[in-house]
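# What would the 3D arrangement of this be:
(one chain, ligands or ions: 1)
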Amino acid sequence: MMVVMVTTSLSAQTAVKGGQPASKTESFKVYGNCDMCKSRIESALKMDGVMKAEWNEKTKMATVTYDPSTVNIETMQKKVASAGHDTKKFKAPDDVYSKLPGCCHYDRAK
Ligand SMILES: [Cu+2]
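Numbering: from 1, shown residues only. Just a heads-up that it's a prediction; the model follows:
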């Protein structure tokens, strides 16, 4: 709910000023398998400062458009890892990973 409100006020501001809010688009690797992973990863990325988040099942890349003054990639990766999905920098906790549905048990780097 809060994310929706923040996004709305951001775009309202943009419309008034006619400028662009500070935003940056970047991609990072997130391990996962299926559609369920996709929605889990994308909802984990819904947070203040993130305007757009999309995870690609084929490339395993999450692409995010965000406000660098509000949030950073490290915070996003931590959040995704805490939801059960490994990133390059952060590992999902074993107990969270083991509770994922079977189809979501992606291969983990040893
Ligand atoms: Cu899955």
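# all helices for this structure, in order.
2-17, 35-44, 73-82, 94-98 (DSSP state H).
# Which of these comes out lowest on mean pLDDT?
Mean pLDDT is lowest for helix 2-17 among the helices of the chain, at a mean of 48.
# show me the contacts for the nearest residue to residue 50 once chain neighbours are set aside.
In space, and not counting its chain neighbours, residue 50 is closest to residue 66: 4.7 Å by Cβ to Cβ, 6 or more residues apart in numbering. The C-beta positions use only the backbone N, C-alpha and C, and glycine is treated the same way. Contact partners of residue 66, counting by Cβ atoms under 8 Å, 6 or more residues apart in numbering, are 23, 24, 25, 26, 49, 50, 51, 76.
# confidence score at the second one?
So that's residue 24. 97.
# can you check residue 109 too?
So, for residue 109, pLDDT stands at 70.
# Touching, residue 105 and residue 33? I think so.
Yes: using Cβ atoms under 8 Å, residue 105 makes contact with residue 33 at a distance of 7.3 Å.
# Identify the residue nearest the geometric centre of the chain.
Residue closest to the mean C-alpha point of the chain, counted by Cα atoms, centre = their mean, is residue 45 at 2.9 Å.
# Could you verify my assumption that that residue touches residue 51?
No: here residue 45 lies out of contact with residue 51, judged by Cβ under 8 Å, at a distance of 10.5 Å.
# who in this protein is up against the ion?
33, 34, 36, 37, 104 (Cβ under 5 Å from the ion).
# Any chance of CSV for the residues you listed, columns distance to residue 56 and neighbour count?
As requested, the residues of the chain next to the ion are exported to CSV (distance: Cβ to Cβ, whole Å; neighbours: other Cβ atoms under 10 Å):
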residue, distance to residue 56, neighbour count
33, 12, 18
34, 12, 13
36, 15, 13
37, 11, 24
104, 16, 17
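# For those, which two are the farthest from each other?
33 and 36 (8.0 Å; Cβ to Cβ).
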